[in-house]
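Q: Need the 3D shape of this:
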Amino acid sequence: MKIQLTDIGVKRCESECLLASGLTTFPTGGGIIDMEINHAALEWVADYILPFGNNATVLAPLELIKLMQQKIYELHQHYCSLETSMNE
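A: Next up is the predicted model:
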C-alpha cells in the first residue's frame, strides 16, 4: 500500500507500530507509507487513516481507495440526512 502524508500525517503515523514500519519521511516535509499489508487489514487501515482528512492520501491499492471513498460517502450521507431532519 502507498499513502502520502503531510507533516501532521507523519506525526500521527509515527506512533502506530504497524504503519511506522513502512514510513519514510522526506527532508522537505511529509512522507509516505510504502509497504505490503495483509488484505484483511485494509478495513483497519481505512478506519485509522480516515480521521487524518487531507493529511493523508491513499495512492494504492485501488481496493483501499475504494474503501475510503465508501466510508466517506456513508459519512456524508449520514450528516446530510441529519441536516435534513434538523431543518424539519
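
Q: show me what contacts the closest residue to Glu36 other than its chain neighbours?
A: Spatial nearest neighbour of Glu36, chain neighbours left out: Met1 (7.6 Å); criterion: C-beta to C-beta, 6 or more residues apart in numbering. From N, CA and C alone the C-beta is placed, and that goes for glycine too. Applying C-beta atoms under 8 Å, 6 or more residues apart in numbering to Met1 gives the contacts Gly22, Ile33, Asp34, Met35, Glu36, Ile37, Leu42, Val45, Val58, Ala60, Pro61, Leu64.

Q: Count the neighbours of the first one for me.
A: In this case it means Gly22. Using other C-beta atoms under 10 Å, the number of residues around Gly22 comes to 16.

Q: Next: the second one.
A: Per other C-beta under 10 Å, the neighbour tally for Ile33 reads 26.

Q: do you know how far it is from His76?
A: As judged by C-beta to C-beta, to the nearest Å, Ile33 and His76 stand 25 Å apart.

Q: Mind jotting down where the helices sit in this structure?
A: Assigned by DSSP state H, the chain shows helices spanning 7-14, 17-20, 42-49, 62-86.

Q: what's near enough to touch the residue most central in space within the chain?
A: The centre of the chain sits closest to Ile49, judged by C-alpha atoms, centre = their mean, with a distance of 2.6 Å. Each residue near Ile49 by C-beta under 8 Å, 6+ apart is listed here: Ile3, Ala56, Val58, Met68.

Q: Now do the third one, the pLDDT please.
A: By that I understand Val58. Looking at Val58, its pLDDT reads 98.
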